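S.K.: no sequence on this one, just coordinates:
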């Protein structure tokens, strides 16, 4: 008996088709799309016949992304993934503030924002939005609760990328408000600029969709008044974030209107 490997189909004089992905396996079923043989492991049931795994993957890559009503990519899986990540990031940073404080380091001194640091350390305009006051947990808890409430409403409608961009730009807008309206040595921390950006965005989006804007307008009014009535609150960051969020949302709605207009038959 020879040591040569037997050839499939040698007994009938024909060549047995083999799977391109697994050349050692005979494959008597062909893909309905490309016509290549596919072994049982590489077969995928389709509405008509069987497709090979390569064709299935290629079709998935070519399939247009599902879009929300505002043009963002419809999230797959958790509709609040970015919201949860932002809440987690803020919570972890707050825990680090306390842990590093125990060894003599202060994240507030390193990453909080003051207008005087804008030129030398501009990243503080963003990092300050992930720090919170250490006088008590109320500052963090209130901001994270509001982030959860508004993230639940906005992220599924905008899509993950647009929601994240909205929040980050609103944080920067809040810092810009502090830069323009506060004392150069004013030190500010907190996600309030980003939260107020979500306020402004929700106002614009509800108006765009023809929904009642009264509840969110009242909420905005109450929170703006709080910033002026209670000391120690950076109303400048609130105002900057609010205006930035509204402008970003307006850009989103304008792009959605252009997209719908381009899709109309002529």
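M.R.: Received the coordinates, thanks. Here the structure is a predicted model, which means the values were calculated and not measured.
S.K.: max-length helix in this protein?
M.R.: Longest helix of the chain, by residue count under DSSP state H: helix 235-262.
S.K.: Go ahead and measure how far that one is from the middle of the chain.
M.R.: 16 Å (CA atoms, centre = their mean, to the nearest Å).
S.K.: could you give me the average pLDDT of it?
M.R.: Mean per-residue pLDDT for helix 235-262: 89.
S.K.: Can you list the buried residues in that helix?
M.R.: Buried positions in helix 235-262, judged by neighbour count with 16 or more other CB atoms under 10 Å: 235-250, 252-253, 256. Yep, even glycine has a C-beta here, placed from its N, CA and C like the rest.
S.K.: Pull the residues that contact stretch 19-37.
M.R.: Stretch 19-37 has contacts (CB atoms under 8 Å, 6 or more residues apart in numbering) with 8, 16-18, 38-43, 46, 48-55, 59.
S.K.: go again using 6 Å as the cut-off
M.R.: 8, 16, 17, 18, 38, 39, 42, 49, 50, 51, 52, 55 (CB atoms under 6 Å, 6 or more residues apart in numbering).
S.K.: Nearest residue to the third one in space, please, no chain neighbours.
M.R.: Distances taken as CB to CB, 6 or more residues apart in numbering place residue 37 nearest to residue 17, at 4.0 Å, with adjacent residues excluded.
S.K.: Tell me, how many residues neighbour that neighbour?
M.R.: 21 (other CB atoms under 10 Å).
S.K.: Check residue 206 too.
M.R.: Look at residue 206: counted by other CB under 10 Å, it has 18 neighbours.
S.K.: Correct me if wrong, but it is in a helix.
M.R.: Yes - applying DSSP: H, G, I helix; E, B strand; the rest coil, one finds residue 206 inside a helix.
S.K.: ok, now how distant is it from residue 165?
M.R.: Residue 206 is 19 Å from residue 165, where distance means CB to CB, to the nearest Å.
S.K.: now the helices for the stretch 1-150 of the chain?
M.R.: Using DSSP state H, counting those that start in this stretch, the helices found in the stretch 1-150 of the chain span residues 53-62, 81-101, 107-111, 124-127, 138-158.
S.K.: Among these, single out whichever gets nearest to residue 177.
M.R.: For residue 177, the closest of these is helix 124-127, at 10.6 Å, according to CB to CB.
S.K.: ok now that closest one, how far from the chain's centre?
M.R.: Relative to its parent chain, helix 124-127 has a centroid offset of 19 Å by CA atoms, centre = their mean.
S.K.: which ones are touching residue 187?
M.R.: Contacts here follow CB under 6 Å, 6+ apart; on that basis residue 187 touches 112, 114.
S.K.: when you give positions from now on, start the count at 591
M.R.: Shifting the count to begin at 591 puts that one at residue 777.
S.K.: Against residue 755, how distant is residue 744?
M.R.: For residue 744 relative to residue 755 (CB to CB), the value is 12 Å.
S.K.: So which of the two has more stuff around it?
M.R.: When residue 744 and residue 755 are compared on other CB under 10 Å, the one with more neighbours turns out to be residue 744, at 24 against 16.
S.K.: now that one: how far from residue 689?
M.R.: Distance from residue 744 to residue 689, counting by CB to CB: 32 Å.
S.K.: One more: residue 750?
M.R.: In terms of CB to CB, residue 750 sits 30 Å off from residue 689.
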